[in-house]
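A.B. asks: Starting from these lines, generate the structure:
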Amino acid sequence: MKISLIQTNPQQDRDKNLAEVRALMEDAYKADQPDLIVLPEYFEVYGTSTEEKLAMAEPAGGAAYRLAQDFAREHKVFVHAGTIMEKVEGENRIYNTSFVFNREGVEVAAYRKIHMFDIVAPDGTAYKESATVKPGEDIVTYELDGLKVGCAICYDIRFFELFLQLEKAGCDVIVLPAAFTLQTGKDHWEVLARARAIETQTYFVACGQTGAVTVNGEKRACYGHSLVCDPWGHTIARASDGVGYVTATIDTRQIARVRTLIPMTQHRRIACG
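C.D. replies: Numbers count the residues shown, from 1 in each chain. Predicted coordinates:
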């Protein structure tokens, strides 16, 4: 099975962003014929103010949702649509949601980000995701050609409890769209991705935004370097800094081999969740 990761640098113009991501999806499909295409977190728009984000959020079925759905149906490919700003009725916050579509364009999963990025970065920049995003609560998986795929988003990568639950659910692949900051990404992105792959004995697919965006007059940069780690913890595909895509091949024999060599599920003695 092949997976293509689309790496973009979305700005405030949603129509332009969607046109660019669609073009990259077409390029990846023509070049590599993937079975699954993954988009980054907030691929539809980034760098908007709180008021703009709330105003632009749509219920499932909006422009970004339709783009991913239509592409999946037209090309007979699964699309893991990064994250989309999902309107929450009666709330002044949104859900940050990954929607997944099968080869017929049918929605097969909707994962709402659980862990909120509320930190102060090393340079003093404050992030307060919970001010505009309502946390989700559910562990979400879906089936893809005989494999079970687990869902996570960006900051979730730091919380091993989530990935233990996905491992217990029988996942073979875990997909994590992200807009990882440059400051934290350069030190933690690949280390965390490899650790999550090793812990869960899955292929770990981390698809990130790249480049800079201005938020309320303040320049912020995303790390990029979208990557795929195999169940042994090797990085088998990795994008560089710029806009583009990277494709990796998933080998189910490698999953079985690693789990046979180190049978962690049989050896676990401490219950968690």
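A.B. asks: D123 reaches Q183, doesn't it?
C.D. replies: Yes. Between D123 and Q183 there is a contact at 6.4 Å, judged by C-beta atoms under 8 Å. Quick note: C-beta positions are derived from backbone N, CA and C, even for glycine.
A.B. asks: Which of the two has more residues huddled nearby?
C.D. replies: Q183 (15 against 8; other C-beta atoms under 10 Å).
A.B. asks: Would you double-check that the more buried one falls in a helix?
C.D. replies: Yes. Under DSSP: H, G, I helix; E, B strand; the rest coil, Q183 falls within a helix.
A.B. asks: quick one, what contacts it?
C.D. replies: 121-123, 125 (C-beta atoms under 8 Å, 6 or more residues apart in numbering).
A.B. asks: switch to 10 Å and redo it
C.D. replies: Residues in contact with Q183 (C-beta atoms under 10 Å, 6 or more residues apart in numbering) are 121-123, 125, 220-221, 223.
A.B. asks: Can you flag which of the residues you listed belong to strands?
C.D. replies: Counting by DSSP state E, the contacts of Q183 place 220-221, 223 in strands.
A.B. asks: Which parts of the stretch 1-150 of the chain are strands?
C.D. replies: For the stretch 1-150 of the chain, strands defined by DSSP state E, counting those that start in this stretch occupy the ranges 2-7, 36-38, 78-87, 94-101, 107-112, 118-120, 126-128, 141-144, 147-151.
A.B. asks: mean pLDDT lowest for which of those?
C.D. replies: Ranked on mean pLDDT, the bottom entry among the strands of the stretch 1-150 of the chain is strand 126-128, at a mean of 87.
A.B. asks: contact partners of it?
C.D. replies: Contacts of strand 126-128 (C-beta under 10 Å, 6+ apart): 50, 116-121, 155, 181, 215, 218, 220.
A.B. asks: still on that earlier bit, let me have the strands of the stretch 1-150 of the chain in a markdown table, adding mean neighbour count as columns.
C.D. replies: Listed next are those as a markdown table, based on neighbours: other C-beta atoms under 10 Å:
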| stretch | mean neighbour count |
| --- | --- |
| strand 2-7 | 25 |
| strand 36-38 | 27 |
| strand 78-87 | 25 |
| strand 94-101 | 24 |
| strand 107-112 | 21 |
| strand 118-120 | 12 |
| strand 126-128 | 13 |
| strand 141-144 | 19 |
| strand 147-151 | 23 |
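A.B. asks: Redo these as CSV? Include distance to R268.
C.D. replies: Converted to CSV, the strands of the stretch 1-150 of the chain look like this (distance: least, C-beta to C-beta, whole Å):
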stretch, distance to R268
strand 2-7, 28
strand 36-38, 29
strand 78-87, 28
strand 94-101, 28
strand 107-112, 25
strand 118-120, 31
strand 126-128, 34
strand 141-144, 19
strand 147-151, 18
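A.B. asks: mind checking which of those strands is nearest E20?
C.D. replies: strand 2-7 (9.6 Å; C-beta to C-beta).
A.B. asks: Could you quantify the relative orientation of that closest one and strand 147-151 as an angle?
C.D. replies: Angle, strand 2-7 to strand 147-151, by axes from the mean of the first three to the mean of the last three C-alpha atoms, to 10 degrees: 20 degrees.
A.B. asks: sorry, back to before: now for the strands of the stretch 1-150 of the chain, which one comes closest to D187?
C.D. replies: The closest of the strands of the stretch 1-150 of the chain to D187 is strand 118-120. By C-beta to C-beta, the value is 13.7 Å.
A.B. asks: Give me the sheet partners of that closest one and which way each runs.
C.D. replies: strand 126-128 (antiparallel) (DSSP bridges).
A.B. asks: For stretch 105-114, measure first residue to last.
C.D. replies: Taking C-alpha to C-alpha, to the nearest Å, stretch 105-114 runs 25 Å from one end to the other.
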